[in-house]
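1. Dropping a prediction and its sequence here:
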Amino acid sequence: MSDFLKIKNLKASIDGNQILKGIDLEVKPGEVHAIMGPNGSGKSTLASVLAGREEYEVEADEVSYLGDDVLELAPEERSRAGLFLAFQYPVEIPGVSNINFLKAAVNAKRKHRGLDDISAKDFMFMMKEKQALVELKQSLANRSVNEGFSGGEKKRNEIFQMAMLEPRLGILDETDSGLDIDALKIVANGVNKLKNDENAFIVITHYQRLLDYIIPDFVHVLFDGRIVKSGDKTLALELEEKGYDWLTNGVEAI
Amino acid sequence: MGDKQTFLKQFDSIPAVFPVQGTARAHIHNGLDFPTTRDEYWKYTRVNAILDKDYIDNSWMPSSINEYSIPAMDSIDIVFVNGGFNKELSSNASESGLVFGSVLNQDGENKNLILEHLGKYADSEKHAFSAFNTSYFKDGAFIRIKKGCEIKRPLRILNLSGGVNQANNLRNLFLIEENAQVQIIAHNIGAELQGGFVNVVTEVSVGDGSNLEYYLIENDGDESSLINTTHVHQAGTSTAKVVTLTQSGRLVRNNLNFDINGQGCESNMYGIYFTSGKQHLDNHTYADHRSPNCESNELYKGVMTERSTGVFNGKIMVRQEAQKTNAFQSNQNILLSDNASINTKPELEIYADDVKCSHGCTIGQLDDEALFYLRSRGLNKLEASKLLIQAFAGDVLEEISIPALQEYVAEFIHKKFEDLDA
């Protein structure tokens, strides 16, 4: 069996600034990986590069996902192959209805698998079921994509989309930022319900708080474009207690 | 440029039926010249290709008009072929209060109305293509909605052009009497036209308290030229809406003029276009506010791709007596290719001191962030662009109040993307 996700020596730069300086990471089905680190360490860049944002210059010894060379795939191909990025800042798209957008996305994925378009009835049923998962109001689904949504609603909409598309690998880019504790629980609960032995999640976060609700199997600390420490969930607690300084002091010298 | 007299001579055998035709011929043969790019009004649109051509009167005839129908549209149709009325292809249906036929075939009261109104609104002294149309039109649609009547079904003027190097001068006259209501579609099709020139002039009088919706669909094919001139003359408390959809045309020039002549009028102008190849599209509009307490709204939205070029020039004139005017104008463009271009020029000329006017134009690309967001959910670049363009066109589409026509326009946008994909 080919590797699920394998990243070796991933480097990325934008406008001549190198942000990622050699990331190694391996994710297996059924795992939850948390990536933590101070501002500017490259967490969101890692998420963006995996999702296929085009403004980065990327090089790596290997970035493979289910046997595919991820870097060779367009963003939509990565999505259809089961990769999903929950955006840190979801985009408002006036005039494009959430429903039409989601139907197009669901059908794009079905087409990739050689299936016919989803029937209107099945789609509505699926919508209802997944909305309940993240307690997203029906009225929001009928509106334009993210338009006029509160910060919390946008994040819930991301998890709702993730639930609709049923990815194999979900990457959550600071989905917890800007969420109050109730919203945080709803989002975490959504992720936990989607979790199974076949899929995996990479949870990027600033705070340990989210990891009280989504229990990670591995915690990685990203600093200055490199993973400087990896451990189990106790590492997150240690970081909460001690901050990042004890890990990052001296790293800059490398 | 070719010699004007040589160009005109090709049409001299067409009989002058109405007195205005003789007057216009005198103008066009003598002092009035066709515009060049030295005229500000025609700065970006060269008409040489139209004037340098030898035109032939073709005997082209469509076998049926089924292929030119708008799906699910229940309209009363009148058909013109290369500028001449075709009774056989036209529908016989009628409604009370409606006169819907050819300009040439009217008699009695209707003929007198035509003699009174024809040439009253279109300017054949200053505008050469209007004078050319007045001089040499073969026929056109005459629509009269009698006082207080509401026409339930849309009226469609199907102006078919076909053959090689065919010229088609169509001249329409619409008289919407007091408190009447109608929806009219002018459907120009040149599916089998090769290198032709279609020159339409439409004069419209909208009576007190009336409501007109007028839709122009322009699809004369990518080897042909179209100049489409529309004059709307509005009396008090009337509402008129003109929506222009440009589907094809090597060169398309639209002149849309509103004379707003009574208190409490509402004048609405909407346009939608999606150009490709080497198309050149020029939209000129003019809203002339001559009376107080009127409102005009204008929104033209377009997508341009490949090597197509465009022009938008919208002028709002607010005369001194037109106090309390509300006038809004906007032209928004999305360029999908580095080689597409548009020159857009909003103009305000205001002589009244208590008015609210605004204008604006935008030229941009699709939002990269939105595109990436949609692609990251599995839509390919074309599908994502299509969703964004449909959203962009949405507010003009909503102004089309005939559902079948709205669907037709949405389908046009959809089809355009399929063609780009191919």
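-> Yes, it's here. Given the structure is predicted, the values throughout are model-derived calculations rather than measurements. Residues are numbered from 1 along each chain as shown, chains lettered A, B, ... in the order given.
2. how far away is the closest residue to B:Ile76 other than its chain neighbours from chain A?
-> Nearest residue to B:Ile76 in three dimensions, chain neighbours excluded: B:Ala93, at 4.8 Å (CB to CB, 6 or more residues apart in numbering or on different chains). The C-beta positions use only the backbone N, C-alpha and C, and glycine is treated the same way. Plainly put, B:Ala93 is 36 Å away from chain A if you go by CB to the nearest CB, to the nearest Å.
3. Please verify my assumption that B:Ala93 contacts B:Ile78.
-> No. Contact status for B:Ala93 versus B:Ile78: not in contact, 10.3 Å apart, counting by CB atoms under 8 Å.
4. Those two: which is more packed in?
-> In this view B:Ala93 and B:Ile78 are compared by other CB atoms under 10 Å in any protein chain shown, and B:Ile78 has more residues nearby, 24 against 13.
5. which helices and strands sit right next to the host helix or strand of that one?
-> Assigned by DSSP states H and E, B:Ile78 belongs to strand B:76-81. Judged by 3 or more CB pairs under 8 Å, 6 or more residues apart in numbering or on different chains; DSSP states H and E, strand B:76-81 is in contact with strand B:84-86, strand B:98-102, strand B:155-164.
6. out of the ones you listed, deepest packed?
-> Of all the helices and strands packed on strand B:76-81, strand B:155-164 carries the top mean neighbour count, a mean of 24, counting by mean count of other CB atoms under 10 Å in any protein chain shown.
7. Put the alpha carbons of the following helix or strand past it into PDB.
-> Next in sequence after strand B:155-164, counting helices and strands by DSSP H and E, comes strand B:167-176. What follows is strand B:167-176, C-alpha atoms only, in PDB (Å, rounded to 0.1, in the frame of the first residue of the first chain):
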ATOM      1  CA  ALA B 167     -27.400  44.700 -46.100                       C
ATOM      2  CA  ASN B 168     -30.500  44.900 -44.000                       C
ATOM      3  CA  ASN B 169     -32.100  48.200 -43.000                       C
ATOM      4  CA  LEU B 170     -35.000  47.600 -40.700                       C
ATOM      5  CA  ARG B 171     -37.100  50.500 -39.400                       C
ATOM      6  CA  ASN B 172     -39.400  49.900 -36.500                       C
ATOM      7  CA  LEU B 173     -42.000  52.200 -34.900                       C
ATOM      8  CA  PHE B 174     -43.600  51.500 -31.600                       C
ATOM      9  CA  LEU B 175     -46.500  53.700 -30.300                       C
ATOM     10  CA  ILE B 176     -47.400  52.900 -26.800                       C
END
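8. and strand B:167-176 with strand B:155-164, angle?
-> Per axes from the mean of the first three to the mean of the last three CA atoms, to 10 degrees, the angle that strand B:167-176 makes with strand B:155-164 is 170 degrees.
9. Please state the offset of the helix or strand following strand B:167-176 from the chain centre?
-> Next along the chain after strand B:167-176, taking DSSP H and E as the criterion, comes strand B:181-194. Relative to its chain's centre, strand B:181-194 lies at 10 Å (CA atoms, centre = their mean, to the nearest Å).
10. Could you list the buried residues of strand B:181-194?
-> Neighbour-count burial for strand B:181-194 flags B:181-190, B:192-194 (criterion: 16 or more other CB atoms under 10 Å in any protein chain shown).
11. all helices of the stretch 1-150 of chain A, in order?
-> A:43-51, A:75-80, A:98-112, A:120-134, A:138-141 (DSSP state H, counting those that start in this stretch).
12. B:Ser337: neighbour count?
-> B:Ser337 has 14 nearby residues by other CB under 10 Å.
13. Not counting its neighbours along the chain, what's nearest it?
-> In space, B:Ser337 is closest to B:Thr305, 4.7 Å off (CB to CB, 6+ apart).
14. picking up where we left off before, let's verify the residue nearest to B:Ile76: helix, strand, or coil?
-> With DSSP: H, G, I helix; E, B strand; the rest coil as the basis, B:Ala93 sits in coil.
15. For the closest residue to chain A within the stretch 1-150 of chain B, give me its contacts.
-> The stretch 1-150 of chain B approaches chain A most closely through B:Ala72 (19.6 Å), counting by CB to the nearest CB. Neighbouring residues of B:Ala72 by CB atoms under 8 Å, 6 or more residues apart in numbering or on different chains: B:Pro403, B:Ala404, B:Glu407.
16. rewinding a little: make JSON lines from the helices of the stretch 1-150 of chain A and add distance to A:Tyr244, mean pLDDT and mean neighbour count to it.
-> Formatted as JSON lines, the helices of the stretch 1-150 of chain A follow (distance: least, CB to CB, whole Å; pLDDT from 0 to 100; neighbours: other CB atoms under 10 Å in any protein chain shown):
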{"stretch": "helix A:43-51", "distance to A:Tyr244": "12", "mean pLDDT": "96", "mean neighbour count": "23"}
{"stretch": "helix A:75-80", "distance to A:Tyr244": "30", "mean pLDDT": "96", "mean neighbour count": "23"}
{"stretch": "helix A:98-112", "distance to A:Tyr244": "37", "mean pLDDT": "94", "mean neighbour count": "19"}
{"stretch": "helix A:120-134", "distance to A:Tyr244": "31", "mean pLDDT": "92", "mean neighbour count": "15"}
{"stretch": "helix A:138-141", "distance to A:Tyr244": "36", "mean pLDDT": "80", "mean neighbour count": "13"}
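17. want to throw those helices into CSV with distance to B:Asn169?
-> Listed next are the helices of the stretch 1-150 of chain A as CSV, based on distance: least, CB to CB, whole Å:
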stretch, distance to B:Asn169
helix A:43-51, 58
helix A:75-80, 50
helix A:98-112, 44
helix A:120-134, 49
helix A:138-141, 53
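18. B:Asp123: which of those helices is closest?
-> Smallest distance to B:Asp123 across the helices of the stretch 1-150 of chain A (CB to CB): 45.8 Å, for helix A:98-112.
19. now the angle from the closest one to helix A:120-134?
-> Going by the same axes, to 10 degrees, helix A:98-112 makes 110 degrees with helix A:120-134.
20. now check helix A:98-112, is it near chain B?
-> Yes. Against chain B, helix A:98-112 shows contacts by CB under 8 Å from any CB of the partner chain at A:Asn100, A:Phe101, A:Leu102, A:Ala104, A:Ala105, A:Ala108, A:Lys109, A:His112.
21. so the fourth one makes contact with B:Leu379?
-> Pointing back at A:Ala104 there. Yes. At 5.5 Å, A:Ala104 counts as touching B:Leu379 under the criterion of CB under 8 Å.
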